[in-house]
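# Just the structure for this:
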Amino acid sequence: MENDTSIEGSSRWSFRTAMILAVAADAVQIFATPLFGVGALSPADDLLDVGVAAILIRLLGWHWEFLPAFAVELIPGVDLVPFWTLAVMSVYRKWRQQAAAEKESPREEPPFIEGEYKSL
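Predicted coordinates for the structure are as follows:
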């Protein structure tokens with residue numbers, strides 16, 4: 001049975017929160033298009049994107065996927081594509097691959113140094 005108080009449990013919570021935030025931000029930008037229609041010239045759009053980027057970095061740490069998502073969100077009309085959601089999904093996919101690789105590779109013992117005492 002997996003202990004949910006582990007670091008992995010904390011990471012799952014962070015990813016879940018980040019995904020909810022990203023989906024919510026993309027939904028607001030898509031469904032409230034009149035407020036965000038002018039792209040980079042809209043202060044509401046800029047504030048939303050800066051806030052989302054800051055919170056995602058706080059939750060998940062810095063990932064390169066966030067930079068293009070932020071830059072593309074400034075282009076008028078292109079912000080109708082859910083780039084925040086795609087960025088969080090990409091970070092989550094990489095995190096899962098890394099976690100699986102760490103589980104598969106057994107812990108290697110440090111190399112034995114000649115002349116060093118090693119108990120059996």
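# for stretch 14-30, which positions count as buried?
Neighbour counts over stretch 14-30 (16 or more other CB atoms under 10 Å) mark 14, 15, 18, 19, 21, 22, 25, 26, 28, 29 as buried. Just so you know, the C-beta spots here come from the backbone N, C-alpha and C atoms, and that holds for glycine as well.
# my bad, stretch 68-77
So stretch 68-77, judged by 16+ other CB under 10 Å, has buried residues 69, 70, 72, 73.
# after the helix or strand of the chain with the lowest mean pLDDT comes which helix or strand?
Across the helices and strands of the chain, mean pLDDT, DSSP states H and E gives its lowest value to helix 33-36, namely a mean of 65. Next helix or strand after helix 33-36 toward the C-terminus (DSSP states H and E): helix 43-60.
# what angle separates the host helix or strand of residue 98 from helix 43-60?
Residue 98 is part of helix 83-104, with elements assigned from DSSP H and E. For helix 83-104 against helix 43-60, the angle by axes from the mean of the first three to the mean of the last three CA atoms, to 10 degrees is 10 degrees.
# what is the mean pLDDT for helix 83-104?
Model confidence over helix 83-104, given as mean pLDDT, is 89.
# for residue 12, phi and psi?
In terms of degrees, to the nearest 10, the main-chain angles of residue 12 are phi -60, psi -40.
# Give me the distance between it and residue 61.
15 Å (CB to CB, to the nearest Å).
# which one of those two has more residues nearby?
Ranked by neighbour count (other CB atoms under 10 Å), residue 12 and residue 61 place residue 12 first, with 14 against 10.
# List the contacts of the more buried one.
For residue 12, the contact set (CB atoms under 8 Å, 6 or more residues apart in numbering) is empty.
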